[in-house]
Structure formats: structure tokens, C-alpha cells
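# this is a predicted model, with the sequence first.
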Amino acid sequence: MPKQSEILAELAASLKALTDAVNGIDARVVKLEKPNKPEQPVAQAVSTPVSPEYRQMVDESLNKHFQFRIEPGGNPSFFNFVLLVPKKYSNAPAGYWEMYKEDPRPKVMSLHQAGILLKDHLERVFNNFNPDTKALIVNDR
């Protein structure tokens, strides 16, 4: 039968090996959490010009109460046209308005087809409303 001192020596050696292994794992985790990569330069946002024709098309297809914003697309030849539906015309539920504070209707467009795509998008948004809301939109022109 092994002596108590031999058992304690084996236990101490096992604990030392376990401690070394845990410390090695800990060092690798720290390296993974904090990689030494150089910082990537942040891409500058490209502004897409807002054409007065867009405002005119929105006013004619819907009315002057509808706002919009232009956001850059992922590609320089595309942009995101976001039509903002006023609350009085919106068919979004109240919970949606409480959370997001707006009713956006986005559409990605290419620069060379913007006029055609915008007209189509505005017609689709208008046709999405119920007849009473459509009548209210037309009366407010």
C-alpha cells in the first residue's frame, strides 16, 4: 500500500500539471479576445445628391407631407431611397410607432434608373394604402 507522503506527492504533481494547463489555456483566451490587428480605416460615407425632381415626384404621387431621405448604398452606383410615411397616413400599428418613431418605406435604387424606380416605388406605396387613406392623401395634395 502506498504511503501517505507518496499519495500527496502524486496529488501535488497532478495539481501542478493541471494548474499549468489552465494557465496556458487562459493565456490563449486572452490572445483571442485581444488580437493585435492594426485598425482598419473607416470608409467615408459618400453623399448621394438629392434631386429636386425626387421631391416633385413625391409631391405629385403622394403629397407634400411625405418626407424622404437618401442613404448611401453599399456600392457607389446605388443608393437607398427611404420614404417616410406620416403618422396620419400610416397603416403601421401603434406598437411599431412607439418602438421606431417612424414608418419608413425603403427602396434600393441604381443611379442610372432612379427616376423609373422611384416612380414605381411611389405607386406601390400609394397602392398599399386602403381606399380611405388614399382619398385623404389625394385631398391633401
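Nice, I can see it. Residues are numbered from 1 along each chain as shown.
# given the strand or helix carrying residue 105, what are its sheet partners and their directions?
Per DSSP states H and E: residue 105 is located in strand 103-110. Sheet pairing of strand 103-110 (DSSP bridges) gives strand 78-85 (antiparallel).
# where do the helices sit along this protein?
Using DSSP state H, the helices found in the chain span residues 4-33, 52-61, 94-100, 114-128, 131-139.
# residue 106: which of these is closest?
The minimum distance between residue 106 and the helices of the chain falls on helix 114-128, with 9.1 Å, by C-beta to C-beta. Any C-beta I mention is one placed from the backbone N, CA and C, and that applies to glycine too.
# any idea of the angle the closest one forms with helix 52-61?
Per axes from the mean of the first three to the mean of the last three C-alpha atoms, to 10 degrees, the angle that helix 114-128 makes with helix 52-61 is 20 degrees.
# so for helix 114-128, what gets flagged as buried?
114, 118, 121, 122, 125, 126 (16 or more other C-beta atoms under 10 Å).
# how is this structure partitioned into domains?
Here the domain parsing of the chain from automatic domain parsing is 1-37, 52-139.
# quick one: the first one to chain centroid distance?
Same thing as domain 1-37. Remark: domain 1-37 is offset 45 Å from the chain centroid, using C-alpha atoms, centre = their mean, to the nearest Å.
# before we move on, back to that, most packed of the domains of the chain?
Comparing those by mean neighbour count (mean count of other C-beta atoms under 10 Å), domain 52-139 comes out on top with a mean of 14.
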